[in-house]
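Student: Give the three-dimensional model of this entry:
(one chain, ligands or ions: 1)
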Amino acid sequence: MNDDPILSAADLLAQKKNLLIFTGAGVSVESGIPPFRGPGGLWQKVNPDFFDIDHFMSHPVESWKRIRSIFYDLWGQCAPNPAHLAFAELERLGVAFSLVTQNIDNLHQLAGSKNVIEFHGTLGRLRCTQCAFTGAPTKELLAGDPPTCPDCGGLLKPDIVFFGESIPEYALNQSFADAESCSVCLVSGTTGEVMPACMVPQTAKRRGAVVIEVNPEESAFTAHTTDIFLRGKAGEIMPRLVAEVVKRLS
Ligand code: APR
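Tutor: The predicted structure follows:
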């Protein structure tokens, strides 16, 4: 093990090339999207109960006003930051085979990551609560108060996982399958406090993977799940880590 944890992490990534990346809201902070917890966190300003599915279904107009102002007013305004680009580079290098994100902002895909599993869904798709309709969040579709389905007139919702909703079956199954087969799990930008998402890195650890964590603060993973803790912002640490991996692969 090197004294510099970034060099130890780079050695590992260059050797193993069987990396699962697991991200949370913190990796999008440097793109201008606030996190949910900690300094500037959304839940300090908005009661998370408003994002319970029963509240949404029983207060659609009020809920949609809040969803527009919190999420869709920013939609399309934020660009991937160096952290997203670094994660995509690890996939391009053949080091990362999968990326599980708790984020709903589509920034990993915009950065070029192809194999992205959206554990909590995406703002990039609206879904009808009554029929099988799905569509992109166009100005027209978002215009309704609340937005309604062009096919059946039913209430539309962002295709994100509200509190009280289950994780999409594909995302749940594939995330845990990847956690069981990876040999390194790189965790970044997450407090690790939300179930069942936080079980993904814990499953990787239990199955013998080495866990690398990138976060300016300690998280629920740091003490008992993380093997190599890289303290810092993902937008600063990740490009340095990838540069070291590239050196080892060339
Ligand atoms: N780089 C890396 N990590 C950062 C950065 C940064 N620049 N800035 C903040 N962080 C870290 C914080 O230290 C914290 O650990 O990102 C984390 C943000 O935590 P949360 O806001 O709780 O985000 P997350 O863990 O993804 O939340 C999980 O909770 O409310 C639900 O569905 C929501 O997907 C979300 C889930």
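
Student: any residues touching the helix ranked longest in the chain, and which ones?
Tutor: Longest helix in the chain, counting residues (DSSP state H): helix 234-249. Contact with helix 234-249 is made by 6-7, 9-11, 13-14, 26-27, 30, 81-83, 85-87, 89-90, 93, 95, 188-189, 214-215, 230, as judged by C-beta atoms under 8 Å, 6 or more residues apart in numbering. Every residue, glycine included, has its C-beta placed from N, CA and C.

Student: PyMOL command to pick out the buried ones of the residues you listed?
Tutor: A single PyMOL command selects the buried members of the contacts of helix 234-249 (16 or more other C-beta atoms under 10 Å):
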select buried, resi 6+7+9+10+13+14+26+27+30+81+82+83+85+86+87+89+90+93+95+188+189+214+215+230
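
Student: What is the burial count for L74?
Tutor: L74 is flanked by 15 other residues according to other C-beta atoms under 10 Å.

Student: Helix or strand for the closest residue to it other than its chain neighbours, just tell me which one.
Tutor: Nearest residue to L74, sequence neighbours excluded (C-beta to C-beta, 6 or more residues apart in numbering): I33, at 6.5 Å. Using DSSP states H and E, I33 is not contained in any helix or strand.

Student: Could you tell me which of the contacts of helix 234-249 belong to helices?
Tutor: Those of the contacts of helix 234-249 mapping onto helices are 6-7, 9-11, 13-14, 82-83, 85-87, 89-90, per DSSP H.

Student: With distance to the ligand and pLDDT as extra columns, can I get these in JSON lines?
Tutor: Below are the ones in helices among the contacts of helix 234-249 laid out as JSON lines (distance: C-beta to the nearest ligand atom, whole Å; pLDDT from 0 to 100):
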{"residue": "I6", "distance to the ligand": "15", "pLDDT": "97"}
{"residue": "L7", "distance to the ligand": "20", "pLDDT": "97"}
{"residue": "A9", "distance to the ligand": "15", "pLDDT": "97"}
{"residue": "A10", "distance to the ligand": "18", "pLDDT": "97"}
{"residue": "D11", "distance to the ligand": "22", "pLDDT": "96"}
{"residue": "L13", "distance to the ligand": "18", "pLDDT": "96"}
{"residue": "A14", "distance to the ligand": "22", "pLDDT": "96"}
{"residue": "P82", "distance to the ligand": "10", "pLDDT": "98"}
{"residue": "A83", "distance to the ligand": "7", "pLDDT": "98"}
{"residue": "L85", "distance to the ligand": "14", "pLDDT": "98"}
{"residue": "A86", "distance to the ligand": "11", "pLDDT": "98"}
{"residue": "F87", "distance to the ligand": "12", "pLDDT": "98"}
{"residue": "E89", "distance to the ligand": "17", "pLDDT": "98"}
{"residue": "L90", "distance to the ligand": "16", "pLDDT": "98"}
